[in-house]
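[1] Provide a 3D model corresponding to the input given below.
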Amino acid sequence: MAEEQLFLKSKVIVEPLQDRFFTWPHTLAPIQSAMNLAFLQVPLLESYLQSPQVHVAASNNPDLRGGYFINIPESRVDEVRDLLAAIKRDRAHILRFAEAIAEGQELLRANATGFDLTPLYPKLPKELGGLVELAYDTDNQAQMRFMEPLVYTSDLYQESRQSVQLSFETGIERPFILSTPRLTSPDVLELDIPFRHPGLGELFKARVQGTTLAHLREALELDDAQAKQLAGMLSDRPSLNPDRHIDAGGRIRYFGHACLVLQTPQAAIVTDPFISADSTAGDRYTLDDLPDYIDLVLITHGHQDHIVLETLLQLRNRVGAIVVPRSSRGNLVDPSMALMLKHQGFPVIEVDDFDEVEFPGGKVTATPFLGEHCDLDIRGKSTFWAELAGKKIFIGADSSGIDPALYRYVKQHLGTADIAFLGMECDGAPLTWLYQALLTVPVTKKMSDSRKLSGSNAEQAAAIMTELGAGEAYVYAMGEEPWLGHVMATTYNEDTYQIKQIEEFMTWCKERGIPAGHLYGQQEWRW
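    Numbering: from 1, shown residues only. Predicted coordinates for the structure are as follows:
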């Protein structure tokens, strides 16, 4: 088998880990990672060790789905205790940095009263020295601006924290990614290598072109036991679907959640890739349906269901560039996606509103993204306008219609869209669900519940369509697909408010003769 041409099986899934927790932007970007480690993950591990049976029971309670509970059997409590001890020992300087951020913020709150900030620099915790600038905004509110590129060169960014798990898709929902660390398992191949390791590129190329076990063993630096385990994940034939490319015209395929694949014979664009590995399911497109080469990947924003490292790592050697929105540079709640991805070995293009990126036979324009981020000062978010094969497509992601006049400006600048894709998770999770670890001043539950991760309701979606004048409207699935449960943890029924709002919007479109649909699983448009 060592010299036989082999391919990575479709059902192999990839979990990128940092300190054994599933990796997403707030646990990978070093400043935000420190805050999450200190103020979310460590307290979570401590809570589990106090009452493991409570965590397990809560994890299996449908009413608490998506809550911060660790879903690990009580029989493995010693492994969790060892993990916590290792984090406190090996990441002590990272934990201290997070505490220093909180202390620095408190220093500003107590002492920045509109006068010169220079005397405060010597009073900052030493861990922040050289990494922050103190500044007032025009309302005389003081803040710390982080010099984020410098942090990646410091010992706060450690690739030794990273590892990768390979296993098979079983059809059983994985533990929720924001809470449960991944322990070792006999049926999981552990790769103790950083995400940018070239061996991962060699492995994932094997989805589309043959390689040998011997080559992969050398590339991934495997021992005998690991090589044997990897051999079981390889096949003597590829599982790629023959219609993954097109010969003429244009095509859009909906891969689930917010992932679209836009194609012509010359080019392919993928939005927010979050793609199933399970090729046995007939109700969705999977990794087997992706074109061999992808010109551009478009990332709309930095939430865990839109920038999915699990999928991106598998595409790194097949992508021309990843297009990401420019962040606000140094804002605690707005880490730079460009910096983060470049340090994982991705080719990146950073864009601002109305910047254009060309690809063979077409172009993409970044367009503004409004709301959905709990009213936090986050600039790293963008919708996109794609032009290819004679069509104009508005890729709206979770942008809201809270001020529909915005979309009037988009139409004035770019014309009329043929198709608009919209997000209508109109009763999203509260502020603290995703941002708790970054808040250095506690907020009340009432305050948190008032500031949600919400897209458009029916009225707002209709207002977007009115201003855009788009010919067709399609609403993304909102985490409804069962294979997304480990990330989305959402539960809907026909009486759920969000579903009722989508139905109301569908009626609005029908009354005006606008083709519309609520997407789920897979769909295709050809022209």
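[2] need the helix or strand of the protein with the lowest average pLDDT.
    helix 485-488 (a mean of 92; mean pLDDT, DSSP states H and E).
[3] so how far is that helix from its chain's centroid?
    Centre-to-centre, helix 485-488 and its host chain are 12 Å apart (CA atoms, centre = their mean, to the nearest Å).
[4] Check stretch 14-23 too.
    13 Å.
[5] May I see the buried residues of that stretch?
    Neighbour-count burial for stretch 14-23, counted by 16 or more other CB atoms under 10 Å, picks out 14, 15, 16, 17, 18, 19, 20, 21, 22, 23. All C-beta atoms are positioned from the backbone trio N, CA, C, and that covers glycine.
[6] ok, so of those, who is nearest residue 162?
    The nearest member of the buried residues of stretch 14-23 to residue 162, counting by CB to CB, is residue 18 at 5.6 Å.
[7] out of everything not next to it in sequence, what's closest to the closest one?
    In space, residue 18 comes closest to residue 161 once its chain neighbours are excluded; the distance is 4.9 Å by CB to CB, 6 or more residues apart in numbering.
[8] Okay, now the unreliable bits of the chain?
    1-2 (pLDDT under 70).
[9] Keeping just the C-alphas, turn the longest helix along it into PDB.
    Ordering each helix of the chain by length in residues (DSSP state H) puts helix 92-111 first. Extracted as PDB, the C-alpha positions of helix 92-111 are listed here (Å, rounded to 0.1, in the frame of the first residue of the first chain):
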ATOM      1  CA  ALA A  92       0.300  30.900  32.700                       C
ATOM      2  CA  HIS A  93       1.700  33.900  30.900                       C
ATOM      3  CA  ILE A  94      -1.300  33.900  28.500                       C
ATOM      4  CA  LEU A  95      -3.700  33.800  31.400                       C
ATOM      5  CA  ARG A  96      -1.800  36.700  33.100                       C
ATOM      6  CA  PHE A  97      -2.000  38.700  29.800                       C
ATOM      7  CA  ALA A  98      -5.800  38.400  29.900                       C
ATOM      8  CA  GLU A  99      -5.900  39.600  33.500                       C
ATOM      9  CA  ALA A 100      -3.600  42.500  32.500                       C
ATOM     10  CA  ILE A 101      -6.100  43.500  29.800                       C
ATOM     11  CA  ALA A 102      -8.900  43.700  32.400                       C
ATOM     12  CA  GLU A 103      -6.600  45.700  34.800                       C
ATOM     13  CA  GLY A 104      -5.700  48.100  32.000                       C
ATOM     14  CA  GLN A 105      -9.300  48.700  31.100                       C
ATOM     15  CA  GLU A 106     -10.100  49.400  34.800                       C
ATOM     16  CA  LEU A 107      -7.100  51.800  35.000                       C
ATOM     17  CA  LEU A 108      -8.700  53.800  32.100                       C
ATOM     18  CA  ARG A 109     -12.100  53.800  33.600                       C
ATOM     19  CA  ALA A 110     -10.800  55.100  36.900                       C
ATOM     20  CA  ASN A 111      -8.300  57.600  35.600                       C
END
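[10] What's the first helix or strand after that helix?
    Sequence-wise, the next helix or strand downstream of helix 92-111 (DSSP states H and E) is strand 132-136.
[11] sorry, back to before: which parts of the helix or strand following the least confident helix or strand of the chain are buried?
    Remark: after helix 485-488, the chain's next helix or strand is helix 497-511, criterion DSSP H and E. Buried positions in helix 497-511, judged by neighbour count with 16+ other CB under 10 Å: 498, 499, 501, 502, 505, 506, 508, 509.
[12] got the contact list for the fifth one?
    Meaning residue 505. Residue 505 is in contact with 424, 458, 461, 462, 473, 475, 516, counting by CB atoms under 8 Å, 6 or more residues apart in numbering.
[13] any idea how far residue 457 is from it?
    Distance, residue 505 to residue 457, using CB to CB, to the nearest Å: 8 Å.
[14] any shared contact partners between the two?
    Shared contacts of residue 505 and residue 457, counting by CB under 8 Å, 6+ apart, come down to residue 424.
[15] related to what we said a few turns ago, out of the contacts of residue 505, who's nearest residue 9?
    The nearest member of those to residue 9, counting by CB to CB, is residue 475 at 33.5 Å.
[16] which of the residues in stretch 35-54 are buried?
    For stretch 35-54, using 16+ other CB under 10 Å, the buried residues are 35-42, 44-45, 48-49, 52.
[17] got it, and stretch 417-428?
    Buried residues in stretch 417-428 (16+ other CB under 10 Å): 417, 418, 419, 420, 421, 422, 423, 424, 425, 426, 428.
[18] does the last one count as helix, strand or coil?
    Three-state assignment for residue 428 (DSSP: H, G, I helix; E, B strand; the rest coil): coil.
[19] Find the nearest non-adjacent residue to it, please.
    Using CB to CB, 6+ apart, the nearest residue to residue 428 is residue 453, at 3.5 Å.
[20] Could I get the contacting residues of the one you found?
    Residue 453 sits in contact with 303, 372, 373, 374, 398, 425, 428, 429, 430, 433, 434, where contact means CB under 8 Å, 6+ apart.
[21] wait, doesn't residue 322 sit right on residue 351?
    No: using CB atoms under 8 Å, residue 322 is not in contact with residue 351, being 10.8 Å away.
[22] Between the two, point out the one with more neighbours.
    residue 322 (25 against 20; other CB atoms under 10 Å).
[23] re the thing from before, let me have the contacts of residue 453 in TSV, extended by secondary structure.
    Converted to TSV, the contacts of residue 453 look like this (three-state DSSP):
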residue	secondary structure
303	coil
372	coil
373	coil
374	coil
398	coil
425	coil
428	coil
429	coil
430	strand
433	helix
434	helix
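[24] between the residues you listed, which is closest to residue 356?
    residue 398 (22.6 Å).
[25] Might you report the residue contacts of the closest one?
    Residue 398 touches 258, 300, 301, 303, 306, 369, 372, 423, 425, 453, 455, counting by CB under 8 Å, 6+ apart.
[26] farthest-separated two in those residues?
    Maximum distance among those (CB to CB): 14.2 Å, for 369 and 425.
[27] Report the buried residues of stretch 373-393.
    Here stretch 373-393 shows 373-374, 378-389, 391-393 as buried, counting by 16+ other CB under 10 Å.
[28] Tell me which of the buried residues of stretch 417-428 fall in strands.
    Counting by DSSP state E, the buried residues of stretch 417-428 place 419, 420, 421, 422 in strands.
[29] Nearest residue to the middle of this protein?
    Most central in the chain under CA atoms, centre = their mean is residue 307, positioned 2.5 Å from the mean C-alpha point.
[30] hang on, that residue in a strand?
    No: secondary structure of residue 307 (three-state DSSP): coil, not part of a strand.
[31] Perfect, I'm done here.
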